[in-house]
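K.L.:
sequence and predicted structure are below.
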Amino acid sequence: MKRSKIAALLANPEAIGTEVDVKGWVRTRRGNKYVQFVALNDGSSIKNLQIVFDMNKFTDEQLKPITTGASIHVTGRLVESMGKGQTCEIQADTLEVYGTADETYPMQKKGHTLEFLRENAHLRPRTNTFGAILRVRSALAFAVHKFFNEKGFYYLHTPLITSSDCEGAGAMFQVTTLPLNDLPRTEDGAVDYSQDFFGKPTALTVSGQLEGELGATAIGEIYTFGPTFRAENSNTQRHLSEFWMIEPEMAFYDINDNMDLAEEFVKYCIRYVLDHCRDDIEFLAEHYDKDLIERLEFVLHNDFVRLTYTEGVKILEESGHKFEFPVSWGVDLQSEHERYLVEKHFKKPVILTDYPKDIKAFYMKQNEDGRTVRAMDVLFPQIGEVIGGSEREADLDKLQRRIDELNIPMKDMWWYLDTRRFGTVPHSGFGLGFERLLLFVTGMTNIRDVIPFPRTPKNCEF
């Protein structure tokens, strides 16, 4: 008999009355000397399937190993259930115990704090909460690929090891094979990277954007989707040292085309999760965020407000609201400012454009005013910025002047500038932090809870 997934059985009324084969992990066991009830979960659904053991068929000794966390294999008949909260159950005929779990199993049936679960991240996927989050994460990742594939984009694999610092921030993890306890030195005492594996300083990437632009200026429209790394000592609920980024780059797109794509993209992803992970989303809404589904629907059914940074700052200055961080033209907006615009003023998602050039990256297209660039940030309720992007500077002279102004060492970036030397075109792109979107979609409040194994300062477990 072929094994059935629990999700498939629960979704198929025609399976009632048939012999079935299931395998999974025990969540709970209860009963008396006549009948025993086991809640079984195989990870395919937030819902458990009840297994009924008639004690005329089984002995106490056979059922003794069935404790919370044990893994078992059961065959039997799927029948309609008279019990509350379930439509069907299995009347067990055979039992095989794959693996036992004693009382030291950390995920016993009781309330666990999210902090406790982070400390046991290797086992937390077996809880309802993290089973739901991982299924939503998987569905959302599939939606990303599905959206861009349907739009005719090409999936470009950009390098994880790089010698370029896209953001110019310097917060990069170095990659080296040099012996750290006996570093080779040049005559002037500097580290001799010519003896390193790549012959130069290299690091883990902070963004695939620059390489993405190479793809876009050759095959039109590309996207990257992979891990990125930031060596920032940020111990906040919104920062990770290793996270996943989605970065589309599009030739012949201006800033307005870029905003249209960003809005269409996030709405598509949210709709996909609501359509395909409804049980998981409803569970998370019930236990963590009562307003979750309403907020997701709200984003789907509202056009995003578009306004300039200058207009946004004016609204904040005139709001009379006392912000922790004072706001004035030229400052980099904080999450509290972004959330005020979204949640209090417009009560809609917001796209802010035309930021001061001094607070944005070198590659953003400069406006005619000489003060601002064609940047755009998409702001969501609860989390603030979820997408950052821009029209890219296509003019070689302007780009080089900006690089010189910022003293960015570009001697190894001739390849990037070649896209402006040879057949330059208007082009745009954006970056979306996958975990930021997951925070919004799941209603969780800590970014460490939407990635299987979080990497943060002083934490690299599992």
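P.N.:
Yep, that arrived.

K.L.:
can you show me the strands along the stretch 1-150 of the chain?
P.N.:
Assigned by DSSP state E, counting those that start in this stretch, the stretch 1-150 of the chain shows strands spanning 19-31, 35-41, 49-54, 71-80, 88-99.

K.L.:
of these, which is nearest Glu317?
P.N.:
strand 35-41 (52.8 Å; Cβ to Cβ). The way it works is simple: take the backbone N, C-alpha and C, and place the C-beta from them, glycine included.

K.L.:
now for the closest one, which elements pack on it?
P.N.:
strand 19-31, strand 49-54, strand 71-80 (3 or more Cβ pairs under 8 Å, 6 or more residues apart in numbering; DSSP states H and E).

K.L.:
most tightly packed of the ones you listed?
P.N.:
Compared across those, strand 49-54 shows the largest average neighbour count, a mean of 20 (mean count of other Cβ atoms under 10 Å).

K.L.:
so what are the sheet partners of that one and their directions?
P.N.:
If you go by DSSP bridges, strand 49-54 pairs up with strand 35-41 (antiparallel), strand 88-99 (parallel).

K.L.:
what about the ones you listed, which gets the closest to Asn302?
P.N.:
strand 35-41 (36.6 Å).

K.L.:
need the CA coordinates for the closest one. CSV is fine.
P.N.:
Extracted in CSV, the C-alpha atoms of strand 35-41 (Å, rounded to 0.1, in the frame of the first residue of the first chain):
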residue,chain,number,x,y,z
VAL,A,35,-9.4,2.8,23.2
GLN,A,36,-6.4,5.1,22.6
PHE,A,37,-6.3,8.2,20.5
VAL,A,38,-3.1,9.5,18.9
ALA,A,39,-2.8,12.8,17.1
LEU,A,40,-0.4,12.3,14.2
ASN,A,41,1.3,15.0,12.1
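
K.L.:
for Leu379, grab phi and psi.
P.N.:
For Leu379, the backbone dihedrals are phi -110, psi 130 (criterion: degrees, to the nearest 10).

K.L.:
that one: how many residues sit nearby?
P.N.:
27 (other Cβ atoms under 10 Å).

K.L.:
and it, what pLDDT?
P.N.:
If you check Leu379, the pLDDT there is 95.

K.L.:
kindly report the same for the one 5 residues further on.
P.N.:
At Gly384, the model reports a pLDDT of 87.

K.L.:
again with Asn235
P.N.:
83.

K.L.:
ok, it - contacts?
P.N.:
Contacts were defined as Cβ atoms under 8 Å, 6 or more residues apart in numbering; by that measure Asn235 touches 456-457.

K.L.:
give me that answer again for 6 Å
P.N.:
Pro457 (Cβ atoms under 6 Å, 6 or more residues apart in numbering).

K.L.:
related to what we said a few turns ago, could the strands of the stretch 1-150 of the chain go into CSV alongside mean pLDDT and distance to Arg271?
P.N.:
Converted to CSV, the strands of the stretch 1-150 of the chain look like this (pLDDT from 0 to 100; distance: least, Cβ to Cβ, whole Å):
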stretch, mean pLDDT, distance to Arg271
strand 19-31, 97, 30
strand 35-41, 97, 27
strand 49-54, 97, 29
strand 71-80, 97, 32
strand 88-99, 97, 30
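
K.L.:
Arg392: which of the ones you listed is closest?
P.N.:
Closest among the strands of the stretch 1-150 of the chain, once you apply Cβ to Cβ, is strand 35-41, at 47.6 Å.

K.L.:
could you pull out the buried residues of that closest one?
P.N.:
By 16 or more other Cβ atoms under 10 Å, the buried positions in strand 35-41 come out as 36, 38-41.

K.L.:
and the strands of the stretch 1-150 of the chain as TSV, adding distance to Ile359?
P.N.:
Putting the strands of the stretch 1-150 of the chain into TSV (distance: least, Cβ to Cβ, whole Å) gives the following:
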stretch	distance to Ile359
strand 19-31	50
strand 35-41	48
strand 49-54	54
strand 71-80	53
strand 88-99	55
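
K.L.:
which element, helix or strand, includes Leu399?
P.N.:
With secondary structure defined by DSSP states H and E, Leu399 is part of helix 396-405.

K.L.:
what packs against that helix?
P.N.:
Helices and strands touching helix 396-405, as assessed by 3 or more Cβ pairs under 6 Å, 6 or more residues apart in numbering; DSSP states H and E, comprise helix 414-421.

K.L.:
following the helix it packs on, which helix or strand comes up?
P.N.:
Counting by DSSP H and E, the next helix or strand C-terminal to helix 414-421 is strand 427-433.

K.L.:
so the residue of the chain positioned farthest from its centre versus Phe153, what's the distance?
P.N.:
Farthest-out residue of the chain from its mean C-alpha position, per Cα atoms, centre = their mean: Asn56, at 49.5 Å. From Asn56 across to Phe153, the span is 61 Å (Cβ to Cβ, to the nearest Å).

K.L.:
so what does Cys161 look like in phi/psi?
P.N.:
If you look again at residue 161, you'll see it is Ile, not Cys. Dihedral angles for Ile161 - degrees, to the nearest 10 - are phi -100, psi 130.

K.L.:
if I read this right, it contacts Thr202, doesn't it?
P.N.:
Yes: at 5.5 Å, Ile161 counts as touching Thr202 under the criterion of Cβ atoms under 6 Å.

K.L.:
what touches both of the two?
P.N.:
Val175.

K.L.:
comparing these two, which residue is more hemmed in?
P.N.:
Thr202 (20 against 11).

K.L.:
could I get the full set of helices for the stretch 51-200 of the chain?
P.N.:
Ranges of helices in the stretch 51-200 of the chain, per DSSP state H, counting those that start in this stretch, are 60-63, 114-119, 128-150.
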